[in-house]
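Peer 1: the following block contains a protein sequence and its predicted model.
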Amino acid sequence: MRRVLPHLILGLGAALMLLPFYWMILTSIRAPAEIFDVSLWPVPRDFSAVQNYGQAASTVPMARFMLNGVIVCGGILIVQVLTAVPAAYALAKLRFPGRRLLMALVIGALCIPMQALALPLFVGLARTNLLNTYFAQMMPFFLSVFAIFLFRQSFRSYPDEIIEAARMDGFSEMEICWRLVLRGSLPSLAAFSVFSVVAHWNDLYWPLIVVSDMAIAPPPLGMLFFSDVESGANYGALMAGAAMITAPMILCFLLARRSFIAGITMTGVK
């Protein structure tokens, strides 16, 4: 029982977490007459996947929405890594006055919600005529205090002896940071990449504020446009669109799951 019971509890929890995804896929292949059927039987009476997915792909530019999501998430992730890695290395391995204060500020910044900064950011972007651009969608997230905290916790476990040896061999601090320390923390990099991409791929709040042009809309905002076009009536096509924009994130996590778990584990080990 000691072996079976934990797996049984985890299995029930996993089934509960997977049920919405199963219902989404099931709804996306059903005909409108079966949408509100409470049956969980995986084979519908009228298989309508072709019609639903075809309508989702043709009614609005779904491929364009997904490309916009790749551009926005990729741009955010690249700048976040470029800014967070040197900051985390300095906080983890360099000794300088005010280091503890800066770390306290990083932890405090984790408590500031995005909604508190939305108005001044919007006003600044509006005055510089940068609304309805990719930059407007990416700019508020270029600096990630969560990334600094995550990488700092991971970098602390890197041996100081190797860093001292690299300094004696003539390595600069930036070379040590990028070529040695970051390479030893690739699982943490993979874990943060999953966190960042999933968070910004699914973000609707900020794009809803700064984007009104369908041509640069990310996937969640694109689904909102699709819902407006459909007037919320064709739930099969809506679920088909939702499945299309969810699939890349599931695939991303499955490909990086081992590094993701290892990266989360490493952040708690010194």
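Peer 2: That came through, no problem.

Peer 1: going forward, measure contacts and count neighbours with C-alpha atoms only.
Peer 2: Will do.

Peer 1: who's in contact with Leu91?
Peer 2: 99, 103, 152 (CA atoms under 8 Å, 6 or more residues apart in numbering).

Peer 1: narrow those residues to those in helices?
Peer 2: 99, 103, 152 (DSSP state H).

Peer 1: so which of the residues you listed wins on neighbours?
Peer 2: Arg152 (24 neighbours; other CA atoms under 10 Å).

Peer 1: now it. Nearest residue, chain neighbours left out?
Peer 2: Ala88 (4.4 Å; CA to CA, 6 or more residues apart in numbering).

Peer 1: where does that neighbour land in three-state SS?
Peer 2: The three-state label for Ala88, taken from DSSP: H, G, I helix; E, B strand; the rest coil, comes out as helix.

Peer 1: now the one 4 residues further on
Peer 2: In terms of secondary structure, Ala92 is helix; the call rests on three-state DSSP.

Peer 1: tell me which residue lies farthest from the centre of this protein.
Peer 2: Met168 (39.2 Å; CA atoms, centre = their mean).

Peer 1: if I look at it, how far off is Glu161?
Peer 2: As for Met168, its distance to Glu161 is 11 Å (criterion: CA to CA, to the nearest Å).

Peer 1: can you check Ser196 too?
Peer 2: Following CA to CA, the distance that separates Ser196 from Glu161 is 32 Å.

Peer 1: who's more crowded, these two?
Peer 2: Here Ser196 and Glu161 are set side by side on neighbour count (other CA under 10 Å), and the busier one is Ser196, at 20 against 9.

Peer 1: tell me which element the nearest residue to Leu130 once chain neighbours are set aside falls in.
Peer 2: Residue nearest to Leu130 in three dimensions, not counting chain neighbours: Ala136, with 6.0 Å by CA to CA, 6+ apart. Using DSSP states H and E, Ala136 sits in helix 134-138.

Peer 1: give me the contact list for that helix.
Peer 2: Contacts of helix 134-138 (CA under 8 Å, 6+ apart): 71-73, 75-76, 125, 130, 206-207, 210-211, 216.

Peer 1: what mean pLDDT does it get?
Peer 2: The pLDDT scores in helix 134-138 average 95.

Peer 1: low-confidence ranges, the stretch 151-270 of the chain, go.
Peer 2: Applying pLDDT under 70 to the stretch 151-270 of the chain flags the ranges 228-233, 260, 262-270.

Peer 1: what is the mean pLDDT for stretch 16-33?
Peer 2: 88.

Peer 1: offset the numbering so it begins at 421, please.
Peer 2: Done: numbering now begins at 421, and the last item shifts to stretch 436-453.

Peer 1: buried stuff in that stretch?
Peer 2: For stretch 436-453, a neighbour-count test (16 or more other CA atoms under 10 Å) marks 444-452 as buried.

Peer 1: so how far is that stretch off the chain centroid?
Peer 2: Stretch 436-453 sits 23 Å away from the centroid of its parent chain (CA atoms, centre = their mean, to the nearest Å).

Peer 1: you'd agree Met444 is up against Ile665?
Peer 2: No. The pair Met444 / Ile665 is not scored as a contact, 11.8 Å apart, by CA atoms under 8 Å.
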